[in-house]
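Asks: Fold the following and give me the result.
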Amino acid sequence: MGIRHQIESIYNFIGDVLKINRREDLSLSGSGESIAGFGGISRNKYDLELIEQPVRDSNLAKQLIDLEKNSYIVQHTLWHASRDTFASTDGDDQGFRICNTLKDGETPVNSEIKAIATDLLNRKTFDHYVIGGERLKRGLENGLCYGDAFIELSIEKEGIGKNDYCVTDSLYLPTWEMFVVSTPQGKILQYEQRRTLTSKDPKYTFYPFKIIHMCYHQYRKYGRSLWAGNETLETWKNLKNAKKALARGALELGYNPIVHKSPTFAETKERNKYIDGHEQRKAGGILTDLYVPSTMEIAKLANTNPNLKPLVDNVLHQMYSMIPAGYPTYYYPGLSVNTNSRAKEISNQPALNYSRIRHDNCAFVAKAAKQAIDLELVLKLGYEKFMELMKEGGYRLEFPSWRVTPQQAEVAESEAENLEEERTESEEKAYTKIGNVIRI
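Replies: Numbering: from 1, shown residues only. Have a look, this model is predicted:
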């Protein structure tokens, strides 16, 4: 269900609620902490950050949670994606803003729309922005890693007027406890937060307009993770096994075995007697003295060819295979070694390839931000005026420009399609400006 179509029912519903049922509470009601099976853990104290207990698609969820917590590649990818999407050259924490003009680049945005939208983006609670700043950074990371992120919006009265309502807060809900309830035709009826998969009565239910569903590469009701494919998950298993093999190999090469030789070892009884006595002495601690027959020879086995290269190469190969397409290998310290042949695919224009991913991430964030802004505009202006202003062009979000250093190719966003014909001496610059300010 598109945002514009969803907005059509918002204002009428809110109007009915405010006129008929004054007790209707549209403030935050869900739980940002996981509510699924914690056994004997007390839910009255939140001293520890509890890892989410997946309810929906638990098999996939557990693997993706494991990836996020333990994979260097996944953590680095999410960090770069969120950092570059919200990056600002002057270090400002305001990741995006309302653009001054409409799509034609000349017509100014309606002053009323800009004032209301800017006020929402600047609105803060005690410790976080409601929707602006870097508030949606976690949503982007969850969307890329899990495929989905769910944010509950709080609607509360802010003034003395009859309809002085606004979006006052936001809350991230556990991804794997959230369910989308819709008709066979795809119309969303409500969102639910459940303790178990088969719960008949969900713990919390939410009106559709109260939930921002950040759905990455949507497939039916839910999104798809960058690492959700069977090949990637199998690679993660192979990587863990490869690291164990490397650690064991390094340990075995580091401790060369001791060889005990004696003619009397031809007799099993004598050999076993010696072994038992030696093991008893070892159990007592470090051996400083050793008394053996003159016929006994003890020496360390020399390792003349210690070689861990095949094991190291296997680990690097598995790690490299987990890097999502389009992310440059130089973003991952240690992985650019022996990967020159693989990097040739984008060696001429890595910045252009990655800039497309960054633009896609900006659009992903912008869609979520616009849902909250549209709701705020409907609350302030009324549905009819809101739709009238949207027909006139509405508004756009503006993301900051950014820089990439490893490759020297200046890429102008408006001329990206003609880049091959427009290479200039700017390729030799030490720093590369990728695109202009992104407007969505």
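
Asks: Show me what the closest residue to Ile211 other than its chain neighbours is bridged to.
Replies: Closest residue to Ile211 apart from its sequence neighbours, by CB to CB, 6 or more residues apart in numbering: Tyr191 at 4.6 Å. Just so you know, the C-beta spots here come from the backbone N, C-alpha and C atoms, and that holds for glycine as well. Note on Tyr191: beta-bridge partners Val180, Phe206, judged by DSSP bridges.

Asks: Isn't Tyr191 up against Phe179?
Replies: Yes. Taking contacts as CB atoms under 8 Å, Tyr191 lies within contact range of Phe179: 6.9 Å.

Asks: out of the two, which sits in the busier spot?
Replies: More crowded of Tyr191 and Phe179, by other CB atoms under 10 Å: Tyr191, with 23 against 20.

Asks: residue contacts, that one?
Replies: Going by CB atoms under 8 Å, 6 or more residues apart in numbering, Tyr191 touches 150, 178-181, 205-206, 208, 210-211, 213.

Asks: Now for this protein, the helix or strand with the poorest mean pLDDT.
Replies: Lowest on mean pLDDT, DSSP states H and E among the helices and strands of the chain sits strand 432-434, with a mean of 37.

Asks: so where's the stretch 201-350 of the chain uncertain?
Replies: Low-confidence segments of the stretch 201-350 of the chain, defined by pLDDT under 70, are located at 252, 254-257, 264-266, 286-295, 299-306, 336-350.

Asks: what about the strands in this protein?
Replies: Here the chain has its strands, by DSSP state E, at 97-98, 148-157, 165-173, 178-182, 188-193, 204-206, 211-215, 258-261, 297-300, 397-399, 402-404, 432-434, 438-439.

Asks: For those strands, give me CSV that also has distance to Tyr222.
Replies: Converted to CSV, the strands of the chain look like this (distance: least, CB to CB, whole Å):
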stretch, distance to Tyr222
strand 97-98, 30
strand 148-157, 5
strand 165-173, 14
strand 178-182, 7
strand 188-193, 12
strand 204-206, 16
strand 211-215, 7
strand 258-261, 58
strand 297-300, 59
strand 397-399, 25
strand 402-404, 30
strand 432-434, 31
strand 438-439, 27
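
Asks: nearest to Gly133, of the ones you listed?
Replies: Gly133 sits nearest to strand 97-98 of all the strands of the chain, at 10.4 Å, using CB to CB.

Asks: residues making contact with that closest one?
Replies: When contacts are defined by CB under 8 Å, 6+ apart, strand 97-98 is touched by residues 109, 113-114, 117-118, 121, 395-398.

Asks: Among those residues, which one sits closest to Tyr165?
Replies: The shortest approach to Tyr165 among the contacts of strand 97-98 belongs to Ala117, at 16.0 Å (CB to CB).

Asks: On the pLDDT front, check that closest one for me.
Replies: On the pLDDT scale, Ala117 is placed at 93.

Asks: Could you list which residues are in contact with it?
Replies: With contacts defined as CB under 8 Å, 6+ apart, the neighbours of Ala117 are 98, 373, 376-377, 395.

Asks: Swap in 7 Å and give it another go.
Replies: For Ala117, the contact set (CB atoms under 7 Å, 6 or more residues apart in numbering) comprises 98, 373, 377, 395.

Asks: for those, which one is nearest Asn70?
Replies: Nearest to Asn70 among those: Ile373, at 36.6 Å, using CB to CB.

Asks: which residues touch the closest one?
Replies: Ile373 makes contacts with 117, 120, as judged by CB under 7 Å, 6+ apart.

Asks: same deal with Met296?
Replies: For Met296, the set of contacting residues under the criterion of CB under 7 Å, 6+ apart consists of Ser262.

Asks: how is this structure carved up into domains?
Replies: When the chain is parsed into structural domains using automatic domain parsing, the resulting residue ranges are 3-227+349-439, 241-324.
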